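J.: the following block contains a protein sequence and its predicted model.
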Amino acid sequence: MAKVTREVVERSGVNVDQLVEMLVKNASAELTTYYYYTILRFNLIGLEGEGIKEIAETARIEDRNHFEALVPRIYELDGKLPRNMNQFHDLSGCPPAYLPDDPTDVKAILNVLVEAERCAVRAYTQICNMTAGKDHRTYDLALAILNEEIEHESWFSEFLGEGPSGHFLRRGETSPFVSKFLR
């Protein structure tokens with residue numbers, strides 16, 4: 001643990017225990033979403049599903065990267081992950097992205113995907129608001145993840161016909177905003 005790190009963040013006015021709790025909940029959401037997106041992606045089949053599969057895969061890999069980027073910050077702030085995976089799953093800041101009852105309903109799968117991304121956008125916006133001007137490292141990390149989550153939401157909402165977003169699928173590159181935290 002970086003003692004000075006926690007001390008400086010506390011002195012800036014951030015409730016570090018609350019922040020760590022939010023980061024752990026988001027790390028849980030990212031790892032569980034990675035798992036659930038694996039199942040959702042496998043069920044995106046047929047003419048409709050195949051066009052969405054690559055986008056779901058990109059979001060899935062980036063969610064894993066978000067988890068990997070969050071964990072060091074949690075420990076830097078004297079936090080830790082739960083010892084038990086079931087407990088970790090259950091404290092997720094977002095509801096599970098379960099496969100719909102009808103696994104052939106591509107629109108239902110898209111709704112699950114877009115709602116998961118919307119939850120993530122809300123969660124990272126909250127962390128950015130809490131840390132802006134106070135905890136520069138956590139803010140930078142949360143903002144990087146937020147940028148990617150906004151793109152994920154945009155991709156899925158376009159497929160639902162909610163309008164154009166102006167965002168394009170990344171080719172050959174994942175986590176362009178978060179990659180600097182993965183080194």
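T.: In hand now; what should we look at?
J.: what about Leu81, how many residues close to it?
T.: Around Leu81 there are 17 other residues, counting by other Cβ atoms under 10 Å. Using the backbone N, CA and C atoms, a C-beta is placed for each residue, glycine as well.
J.: hey, where'd the helices end up in this structure?
T.: Under the criterion DSSP state H, helices of the chain are mapped to 3-11, 16-42, 46-76, 85-90, 106-131, 136-159.
J.: Gly172: which of those is closest?
T.: With respect to Gly172, and counting by Cβ to Cβ, the nearest of the helices of the chain is helix 46-76 at 10.4 Å.
J.: relative to helix 106-131, how tilted is the closest one?
T.: Here helix 46-76 points in a direction 20 degrees away from that of helix 106-131 (axes from the mean of the first three to the mean of the last three Cα atoms, to 10 degrees).
J.: show me what helix 46-76 is packed up against.
T.: Applying 3 or more Cβ pairs under 8 Å, 6 or more residues apart in numbering; DSSP states H and E, one finds that helix 46-76 contacts helix 16-42, helix 106-131, helix 136-159.
J.: tell me which of those helices lies nearest to Ala56.
T.: If you check each of the helices and strands packed on helix 46-76 against Ala56 by Cβ to Cβ, helix 16-42 wins as the nearest, at 4.5 Å.
J.: now that closest one, how far from the chain's geometric center?
T.: The gap between the average C-alpha position of helix 16-42 and the chain average comes to 6 Å, counting by Cα atoms, centre = their mean, to the nearest Å.
J.: what is that helix packed up against?
T.: In terms of contact count using 3+ Cβ pairs under 8 Å, 6+ apart, helix 16-42 is assigned the packing partners helix 3-11, helix 46-76, helix 85-90, helix 106-131, helix 136-159.
J.: ok, now with 6 Å
T.: Packed against helix 16-42 by the contact rule (3 or more Cβ pairs under 6 Å, 6 or more residues apart in numbering; DSSP states H and E) you find helix 3-11, helix 46-76, helix 106-131.
J.: list the buried residues for that helix?
T.: By neighbour count, and taking 16 or more other Cβ atoms under 10 Å as the criterion, the buried residues in helix 16-42 are 16, 19-20, 22-37, 40-41.
J.: and stretch 133-145, by the same measure?
T.: Within stretch 133-145, the residues that count as buried by 16+ other Cβ under 10 Å are 134-135, 137-145.
J.: re earlier: do you know which of the helices of the chain lies nearest Phe181?
T.: The closest approach between Phe181 and any of those, judged by Cβ to Cβ, belongs to helix 46-76 at 3.9 Å.
J.: now that closest one against helix 136-159, angle please.
T.: In terms of direction (the same axes, to 10 degrees), helix 46-76 departs from helix 136-159 by 170 degrees.
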